[in-house]
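Asker: Following is a predicted model, sequence given first.
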Amino acid sequence: MTRRLAPPWSLFGLALALLAAPAPARAAMAYVSNEKSNTVSVLDTATWQVVRTIKVGQRPRGITVTRDGKFVLVAVGDDDTIEMIDTATLEVAGTLPSGPDPEHFAQSPDGRELYVANENDNTVTILDIAKRARLAEVAVGVEPEGMAASPDGRTVVCTSETTNIAHFIDTAARTVVANVLVDSRPRYAAFKQDGSELWVSAEIGGTVSVVDPVSHAVKDRIAFEVAGLARELIQPVGINFTRDGKTGFVALGPANRIAAVDGVTHKVTKYLLVGQRVWHMDFTPDEKYLISTNGLTNDVSIIEVASLKVIKSIQVGELPWGVAVAP
Amino acid sequence: MLRLAAALLSALFLAFVSAVQAEPVAIKAAYLHVPPRKAAISLLDVPADDDGLAGAQLAMQDNNTTGRFLNQQFALEEVRLGESDDPKAAVAALAARGVTLVIADLPPAMLLATADAGRDILFFNAGATDERLREEDCRGNVVHTAPSRAMLADALAQYLVWKKWRRWFLVVGSHEADKLYGDALERAARRFGAKIVETRTFEDTGGARRTDSGLAQIQRQIPLFTQSAAEHDVLVAADESEVFAAYLPYRTTDPRPVAGSAGLMPKSWDASHDQWGANQLQNRFVALFHRRMSARDFQAWVAARMIGEAATHVKAADPKAMLAYFTSAEFALAAFKGQRLSLRDWNLQLRQPILLTDGRNVVSTSPQEGFLHQVTALDTLGPDRPEARCRLK
């Protein structure tokens, strides 16, 4: 038997390649919850390849990454729990005791607490992420869904879909301190990074309300209009702000478009055509790209943020719902 | 324990709020109905005693959850009428108690008498599907949350045409309501390009719907009744009286699908509907009433939710202000049908998608793709503005 020895120049080449390679070998990963497939697709944001499909519980929807980057949390509503995916092993490593049918959640800025909307019993559950324990429940309106934590951590906002209210919850007192009426079926809420504005999308109302988090007044209402598209089809859901607050992206559901909105004037600057029934989005850590989940076309769209161009679409599982990017 | 603590906290909070706030705004509504008849071919179709009422009660509970945050209190009282009762006294009594909003599930003539007896009350017709209530006999104080027969028939026709099942064998029952539904189906066929190749009438000769040895006879009767029909793609039945349609599937001479009052049925709601978040409403309903939600429940639910929405916006129980809100461009009701519902301002009919159900699942939702309209595709269902014969007063 002859052994094949590698020629010395190839070893040299390998060493050179190792030297040249930057220290963190892994690019940021995007995790996409596929509501119908009961899976989470793991997407490498450097190559835009799906590198893994993780089996999770039933009906995965809300998805986020813990602040320490160690876990991806995914609400599996039909199993009445939240699963924790270990980002190192890409396996489900535990669960969090949410209330029944969790759909969506927000994390406190310090990464300690998780605020979960429980659609079926009209409550927000407050969880301790590290201890995996339930801390409190707060009664809210009918069908709580959208959740957003203020950047200073003092407030968490919950939107009730059938009550059409954004509830402001004081995170220290754990009580509702203000109720702001918005348009029909509020699905999602997001704070600007500097905490100066809260935007709330109304799926059936077709608008985004801009709320002053201090006075709790609705100071502006963003409407959308796409030529040739019936008003009923414009159903705003997900909202994501750039860190500088200059642009807000609003996913418009069955309008199959994402609106890029000027963060200051609240005017739509561009409509980006993506896949069908676009619901949620997340940025890559460098904010170069925005990833959107397109439920009816079973894919995600990649948007180049600087040029506002849709550069790619990638097949994932069935009915992709949410997306979260881990650095 | 935590749940209890949270409940106590929120109770304390509410006590605090009500101590500093004024008396809550009271919104008084009533559910006025002639309890549903029990005749049905299938045991599964026998309506519950609170059919319709339960939907209104659930929505009022939802409204009160909202009201808790906005200092509004909703109340719903039930009033039952007999089929031959004069509704005037009941309406006067309601008005005397300060009720300004009435959800009604009444036969058409009684609904008109009721509406005319309470001109200062805003009524929500959550039961009657008669076209005339939206056309020549329309009233300025009656909003219709029940779809009309034409809306239902158009929803079915769009789907059958989309399937290219254009040749219809129409079988109509012998009662007045059956004939009206038959007329709506004929109109829908003309409107969307289907062809009725033959029409037969199924005479109701009386007798019980259910007998211990009835099935053996029906197995012979239905093939006999449907034999030598002109070549058709689908049998469409109009049988609101529930005399024969449910016997048609699997028993016709020609192996053809059945639609209309059996087989594929157009409905405002179905117990199996779970799209667009509907599962949440279905779950809440079952938890409260231990039965499934029917189309009548949904129509009453929508009416009571409209009351809740209007109260939120006009911040009072004033029916005139509420009606103005309903007919404004601002009104957008979320009702688990994938898009906003609004009101046709020319006859106060609620626009809504119609589900096509086989009794087990929702097969499709109309309007179908490709049926276009300059204002909203929902107006491809039922008579459109240019055809309207209604003059609201």
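Answerer: Perfect, thanks for sending it. This is a predicted model, so every value here is computed, not measured. Numbering: from 1, shown residues only, chains lettered A, B, ... in the order given.
Asker: Leaving out sequence neighbours, find the closest residue to the residue nearest the centre of chain B.
Answerer: Nearest to the mean C-alpha position of chain B, counting by C-alpha atoms, centre = their mean, stands residue B:146 at 3.4 Å. Among residues not flanking residue B:146 along the chain, residue B:299 sits closest, at 4.7 Å (C-beta to C-beta, 6 or more residues apart in numbering or on different chains). Using the backbone N, CA and C atoms, a C-beta is placed for each residue, glycine as well.
Asker: Surely that neighbour and residue B:55 touch.
Answerer: Yes: applying C-beta atoms under 8 Å, one finds residue B:299 in contact with residue B:55, separated by 7.1 Å.
Asker: neighbour-wise, which of those two wins?
Answerer: residue B:55 (31 against 27; other C-beta atoms under 10 Å in any protein chain shown).
Asker: That one - that's part of a helix, no?
Answerer: Yes: assessed by DSSP: H, G, I helix; E, B strand; the rest coil, residue B:55 belongs to a helix.
Asker: For chain A, see how far away it is.
Answerer: 14 Å (C-beta to the nearest C-beta, to the nearest Å).
Asker: and that residue, what is it in contact with?
Answerer: B:126, B:285, B:293-294, B:296-302, B:304 (C-beta atoms under 8 Å, 6 or more residues apart in numbering or on different chains).
Asker: Looking at those, spot the one nearest residue A:127.
Answerer: Closest approach to residue A:127 among these (C-beta to C-beta): residue B:285, at 28.8 Å.
Asker: Neighbours of residue B:205, how many?
Answerer: With other C-beta under 10 Å as criterion, residue B:205 counts 7.
Asker: Which helix or strand contains it?
Answerer: Per DSSP states H and E: residue B:205 is located in neither a helix nor a strand.
Asker: So residue A:303 is in contact with residue A:294, correct?
Answerer: No: the criterion here is C-beta under 8 Å, and residue A:303 misses it with residue A:294 at 11.7 Å.
Asker: Mutual contacts of the two, please.
Answerer: residue A:274.
Asker: What strand or helix carries residue B:178?
Answerer: helix B:176-192.
Asker: How far off centre is that helix?
Answerer: Counting by C-alpha atoms, centre = their mean, to the nearest Å, helix B:176-192 is centred 18 Å from the centre of its parent chain.
Asker: buried stuff in it?
Answerer: Within helix B:176-192, the residues that count as buried by 16 or more other C-beta atoms under 10 Å in any protein chain shown are B:177-178, B:180-189, B:191-192.
Asker: And the residues you listed, which is closest to residue B:137?
Answerer: residue B:180 (13.2 Å).
Asker: Chain neighbours aside, what residue packs nearest to that closest one?
Answerer: Residue B:180 sits nearest to residue B:149 (C-beta to C-beta, 6+ apart), 5.9 Å away.
Asker: mind listing what the one you found touches?
Answerer: With C-beta under 8 Å, 6+ apart, residue B:149 has these contacts: B:129-131, B:180-181, B:183-184.
Asker: Next: residue B:238.
Answerer: B:170-173, B:178-179, B:181-182, B:184-185, B:245, B:260-261.
Asker: Tabulate the residues you listed in TSV, adding columns for pLDDT and distance to residue A:270.
Answerer: Listed next are the contacts of residue B:238 as TSV, based on pLDDT from 0 to 100; distance: C-beta to C-beta, whole Å:
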residue	pLDDT	distance to residue A:270
B:170	98	52
B:171	98	55
B:172	97	55
B:173	95	57
B:178	97	55
B:179	98	55
B:181	98	49
B:182	98	52
B:184	98	46
B:185	98	47
B:245	96	53
B:260	98	48
B:261	98	50
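Asker: what's the closest of the residues you listed to chain A?
Answerer: Nearest to chain A among the contacts of residue B:238 is residue B:184, at 24.4 Å by C-beta to the nearest C-beta.
Asker: follow-up on the earlier one: which strands or helices does the helix holding residue B:178 pack on?
Answerer: helix B:149-162, strand B:167-173, strand B:195-202, strand B:234-238 (3 or more C-beta pairs under 8 Å, 6 or more residues apart in numbering or on different chains; DSSP states H and E).
Asker: Quick check: residue B:198 vs residue B:367, distance?
Answerer: 28 Å (C-beta to C-beta, to the nearest Å).
Asker: Which one of those two is surrounded by more residues?
Answerer: residue B:367 (20 against 15).
Asker: Spell out which parts of the stretch 101-250 of chain A neighbour chain B.
Answerer: Applying C-beta under 8 Å from any C-beta of the partner chain, one finds that the stretch 101-250 of chain A approaches chain B through A:119-120, A:122-123, A:134-139, A:141-143, A:160-165, A:167, A:174-176, A:179, A:181, A:183-185, A:203-206, A:230-233, A:235.
Asker: ok, 7 Å please
Answerer: Neighbours of chain B within the stretch 101-250 of chain A, by C-beta under 7 Å from any C-beta of the partner chain: A:119-120, A:122, A:134, A:136-139, A:141-143, A:161-165, A:174-176, A:179, A:181, A:183-185, A:204-206, A:230, A:232.
Asker: Sort out for me which of the residues you listed are in helices.
Answerer: With DSSP state H as the criterion, helices contain none of those.
Asker: wait, residue B:59 sits on residue B:309?
Answerer: No: at 10.1 Å, residue B:59 and residue B:309 do not qualify as touching, with contact defined as C-beta atoms under 7 Å.
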